[in-house]
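A.B. asks: I need the structure of the sequence given here:
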Amino acid sequence: MKSQRVFRQKPEPPPARVSLCNPERLWREVQQVQLAIARRAYELFEMRGREDGHDWEDWFRAESEVLRPAPVTISESMGRVNVSAKILGFEEGELKVSVEPRSIVIFGKKDVTATETEGGKLEYIDWCPDQILRFIDLPTVIDPKAASVELREGLLEFELPKASSRRAGAGHTAA
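C.D. replies: All right, here's what the predicted structure looks like:
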């Protein structure tokens with residue numbers, strides 16, 4: 001009789017609920033990241049001998065050196081907008097998220113860890129940038145108070161109920 005192997009998958013860990021933060025408080029941290037990108041872009045400009053005409057190239061290169069990419073998928077159904085962002089390597093405590101009626105901001109900063117080797121030497125291997133910063137414009141107005149955000153195995157998932165048409169237009173006045 002042949003032996004049969006039974007493969008059991010590890011149970012999937014439950015998703016972590018990510019709490020939303022105040023947009024004004026998050027904005028201070030976002031500004032620090034943008035300043036770091038601007039400084040690096042200026043260094044690149046100086047390294048080129050201050051040659052004009054490459055400002056976007058310098059900015060995008062600086063951004064890629066400071067920020068880790070975070071691909072985003074957006075889908076829309078009758079009553080909600082779903083957003084998924086791949087943020088591999090980040091834990092719940094390393095993320096700050098702000099949801100507003102027309103946009104989302106995701107900011108993540110890895111806690112830098114170093115390991116000590118036998119000789120007492122500290123070793124840190126930097127495989128990629130340790131920060132994420134994404135601004136996501138939403139296709140429609142949503143209700144931020146009813147937003148749900150979960151982190152599951154490197155995927156940050158947003159369930160965003162659409163705002164009712166009365167509430168969506170409540171803040172606007174006729175011209």
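
A.B. asks: Distance from the chain centre to the strand or helix carrying residue 38, please.
C.D. replies: Assigned by DSSP states H and E, residue 38 falls within helix 23-47. How far helix 23-47 lies from its chain's middle: 16 Å, per C-alpha atoms, centre = their mean, to the nearest Å.

A.B. asks: Tell me the helices and strands packed up against the strand or helix carrying residue 56.
C.D. replies: According to DSSP H and E, residue 56 maps onto helix 55-66. Other helices and strands packing on helix 55-66, by 3 or more C-beta pairs under 8 Å, 6 or more residues apart in numbering; DSSP states H and E, are helix 23-47. (Glycine included, C-beta is placed from N, CA and C.)

A.B. asks: Now do the helix it packs on: everything it contacts.
C.D. replies: Here helix 23-47 makes contact (C-beta atoms under 8 Å, 6 or more residues apart in numbering) with 51, 54-55, 58-59, 61-63, 65-67, 96, 98, 100, 105, 107, 109, 131, 133.

A.B. asks: what about the helix holding residue 56, average pLDDT?
C.D. replies: Helix 55-66 shows a mean pLDDT of 95 in the predicted model.

A.B. asks: Tell me, please, the helix or strand in this protein that averages the lowest pLDDT.
C.D. replies: Here the helix or strand of the chain ranked lowest by mean pLDDT, DSSP states H and E is helix 165-168, holding a mean of 50.

A.B. asks: Now the residue nearest the centre of the chain. Its backbone dihedrals?
C.D. replies: Central residue of the chain (C-alpha atoms, centre = their mean): residue 106, 3.6 Å from the mean position. When read as degrees, to the nearest 10, the backbone of residue 106 gives phi -120, psi 120.

A.B. asks: what's the neighbour count on the spatially closest residue to it that is not a sequence neighbour?
C.D. replies: In this structure, residue 106 finds its nearest non-sequential neighbour in residue 134, 4.5 Å apart by C-beta to C-beta, 6 or more residues apart in numbering. Residues contacting residue 134 under the criterion other C-beta atoms under 10 Å number 19.
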